[in-house]
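Asks: Sequence plus the predicted model coming up.
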Amino acid sequence: MLARTMQTPLTIPVPVLRLPRGPDGWSRGFAPDGRRAPLKPEVPGIPESPGVPESQESQEQRARAALRERYLRSLLAMVGRQVSFTLHEGVHVTAHFGATDLDVANFYVSQLQTPIGVQAEALLRCSDIIAYTFKP
Amino acid sequence: MAMRQTPLTCSGHTRPVVDLAFSGITPYGYFLISACKDGKPMLRQGDTGDWIGTFLGHKGAVWGATLNKDATKAATAAADFTAKVWDAVSGDELMTLAHKHIVKTVDFTQDSNYLLTGGQDKLLRIYDLNKPEAEPKEISGHTSGIKKALWCSEDKQILSADDKTVRLWDHATMTEVKSLNFNMSVSSMEYIPEGEILVITYGRSIAFHSAVSLDPIKSFEAPATINSASLHPEKEFLVAGGEDFKLYKYDYNSGEELESYKGHFGPIHCVRFSPDGELYASGSEDGTLRLWQTVVGKTYGLWKCVLPEEDSGELAKPKITFPETAEEELEEIASENSDSIYSSTPEVKA
């Protein structure tokens, strides 16, 4: 006798390039280069050319973006490595770095060597961390 | 292999999203505005859902929001008894229009010269945006709070909905032309200029009427109470959402339910097709907006159709190189003639 099972059709979710970007959390947005401004009245005498110096704000923003990106990549580079953490009260611990959460509020680590023993898996609160160092 | 709908969730609001509207198609794409009970309406890029900016200024829940056709202006209606007009490019507030009660609905004329408002004071108001100091023209007649007011017939007429009636007014004479009565609360209204169609939802019904005569065309029943519905620009489909948290897509001609989607964590308050019909957006009690593909699996916006032969790893690889130097690279960024920090090689150098 053949057992007939109901199979739901296999579907794969439509892939996406990324998720929609949300608010940046500190400004109200409407960045001048965030989207091309439709037909703002042009100030006469200032040509639109690539050689025009960027405004101070744009420079700063690009620098901020670059620093942020480097920091995020440094976190990626830390994955699986041994990291030494300096915590409050002169406490030093080492652990293998696993991951951080979205707000970089907690570090997920394994093999955390503490003064009172080794913790197989642990969450370190970033607010408790003064500094950390690792060798890539 | 069949594709499954991947909705794109737009976060940022902290309270229920009660209204949303798309602009027309502009040279810079199209845009989406969302009204939220947190008082901070947001502007987003319409095809990706990317946040562009938040209109700050209202001191109460924002009940209605709209964009003008070319997305240069936005208007919002709020519980702080004001309607505001905004510059949608800079985010600056242009005008505050004081009302005598909660304002629920706002709509620009095609030329953006006039703004129609309606709210709990049961009056329709028409503001001349070129003369903001002038008193608005007022149309009275509604016996309960106005939920939605729209220009129609090339701005020659006005459609307005209160709790149990939908009324058609002549703009020039400011008088009522016709009205429809319902025994259930009207939850939403959408006007489709091409074809002069009015989409009205009440109870579990999604009804289509002529916007000119208010005569009924057809209506469908959904499995649950519907709060909002939208008709596709090409009138092939309609989408609807309501109290069961689900979105339904129907064939407009046959009334057949084609697709339904769970995803929101609360009732859906508003649903609208984009001006090109390629996606629809839903706003919910759960504080999110979600974008849904009309044709599941099509490459559009952030959705990318990957065929089995393609290297789907391509999507996972970042296309940015990790800069190796410190100060030099930051100086580069600050300099006038800096090259882009993004290179085209898909490597990550740790």
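Replies: Looks like it came in fine.
Asks: what does the stretch 151-300 of chain B put close to chain A?
Replies: Contact residues, the stretch 151-300 of chain B versus chain A (CB under 8 Å from any CB of the partner chain): B:291, B:293, B:296-297. Where you see a C-beta, it was placed from the backbone N, CA and C, and this is true even at glycine.
Asks: now that we have those, which one has the most neighbours?
Replies: Neighbour counts for those peak at residue B:291, which has 25 neighbours (criterion: other CB atoms under 10 Å in any protein chain shown).
Asks: doesn't residue B:44 make contact with that residue?
Replies: No. Between residue B:291 and residue B:44 no contact is recorded; they are 9.2 Å apart, counting by CB atoms under 8 Å.
Asks: Give the residues shared as contacts by those two.
Replies: Shared contacts of residue B:291 and residue B:44, defined by CB atoms under 8 Å, 6 or more residues apart in numbering or on different chains, comprise A:20, B:10.
Asks: just for the stretch 251-350 of chain B, where's the confidence low?
Replies: Residue ranges of the stretch 251-350 of chain B with pLDDT under 70: B:307-350.
Asks: Same question for chain A.
Replies: Along chain A, segments meeting pLDDT under 70 span A:1-9, A:33-54.
Asks: so the residue of the stretch 51-200 of chain B found nearest chain A bridges to which residues?
Replies: At 3.0 Å from chain A, residue B:53 is the closest residue in the stretch 51-200 of chain B, using CB to the nearest CB. Residue B:53 forms beta bridges with residue A:29, residue B:43, as assigned by DSSP bridges.
Asks: what sits against it?
Replies: Residue B:53 is in contact with A:28-31, A:34, B:42-43, B:91, counting by CB under 8 Å, 6+ apart.
Asks: Residue B:172: which of the residues you listed is nearest?
Replies: Of all these, residue B:172 sits closest to residue B:43, with 33.1 Å by CB to CB.
Asks: mind checking the SS state of residue A:75?
Replies: helix (DSSP: H, G, I helix; E, B strand; the rest coil).
Asks: How about the contacts made by it?
Replies: A:100, A:104.
Asks: Now do residue 113: how many residues are near it, please.
Replies: I went with chain A, as the question did not name one. Neighbours around residue A:113, by other CB under 10 Å: 14.
Asks: Please refer instead to chain B.
Replies: By the other CB under 10 Å criterion, the neighbourhood of residue B:113 contains 14 residues.
Asks: host element of residue B:187?
Replies: strand B:186-192 (DSSP states H and E).
Asks: Run me through the strand neighbours of that strand, direction for each.
Replies: By DSSP bridges, strand B:186-192 pairs with strand B:197-202 (antiparallel).
Asks: following the partner strand, which helix or strand shows up next?
Replies: That would be, after strand B:197-202 and using DSSP H and E, strand B:205-210.
Asks: now that next one, how far from the centre of its chain.
Replies: In terms of CA atoms, centre = their mean, to the nearest Å, the centre of strand B:205-210 is found 19 Å from the chain centre.
Asks: do the same with stretch B:72-81
Replies: 14 Å.
Asks: How about it and chain A, touching?
Replies: Yes. Stretch B:72-81 comes into contact with chain A (CB under 8 Å from any CB), by way of residue B:72.
Asks: And that stretch, end to end?
Replies: Start-to-end span of stretch B:72-81 (CA to CA, to the nearest Å) is 24 Å.
Asks: Which of the residues of the stretch 151-300 of chain B next to chain A fall in strands?
Replies: Taking DSSP state E, the ones among those that sit in strands are B:291, B:293.
Asks: so residue B:167 touches residue B:182, yeah?
Replies: No. Using CB under 8 Å, residue B:167 and residue B:182 do not qualify as a contacting pair, with a distance of 11.7 Å.
Asks: Looking at these two, which one has more neighbours?
Replies: Using other CB under 10 Å, the more surrounded residue of residue B:167 and residue B:182 is residue B:167, with 22 against 16.
Asks: Dead centre of chain A: give me the residue that sits there.
Replies: Note on chain A: the residue nearest the mean C-alpha position is residue A:72, at 4.6 Å, using CA atoms, centre = their mean.
Asks: What does it show for phi and psi?
Replies: With angles defined as degrees, to the nearest 10, residue A:72 shows backbone torsions of phi -60, psi -40.
Asks: need the contact list for it.
Replies: Taking CB under 8 Å, 6+ apart, one finds nothing in contact with residue A:72.
Asks: Can you tell me how far it is from chain B?
Replies: For residue A:72, the distance to chain B (CB to the nearest CB, to the nearest Å) stands at 10 Å.
Asks: for residue A:81, same thing?
Replies: Distance of residue A:81 to chain B, computed by CB to the nearest CB: 10 Å.
Asks: What about that residue, how many residues nearby?
Replies: So residue A:81, with other CB under 10 Å, has 12 neighbours.
Asks: Now it. Nearest residue, chain neighbours left out?
Replies: For residue A:81, ignoring the flanking residues on the chain, the nearest one in space by CB to CB, 6 or more residues apart in numbering or on different chains is residue A:134 at 5.0 Å.
Asks: now the one you found, which residues is it bridged with?
Replies: As for beta bridges, residue A:134 partners with residue A:83 under DSSP bridges.
Asks: repeat for residue A:123
Replies: Assigned bridge partners for residue A:123, using DSSP bridges, are residue A:108.
Asks: and it, what is it in contact with?
Replies: A:106-109.
Asks: Run the chain-centre distance for stretch B:34-41.
Replies: 12 Å.
Asks: cool, stretch A:10-30 as well?
Replies: 14 Å.
Asks: quick one: the helices in the chain?
Replies: You didn't say which chain, so I picked chain A. Assigned by DSSP state H, chain A shows helices spanning A:56-78.
Asks: that answer is for a different chain, and I need it for chain B
Replies: With DSSP H applied, chain B shows helices at B:313-316, B:327-334, listed in chain order.
Asks: What residues does the stretch 1-150 of chain B have near chain A?
Replies: Residues of the stretch 1-150 of chain B lying near chain A by CB under 8 Å from any CB: B:1-6, B:8-12, B:26-28, B:42-45, B:48-56, B:70-72, B:89-91.
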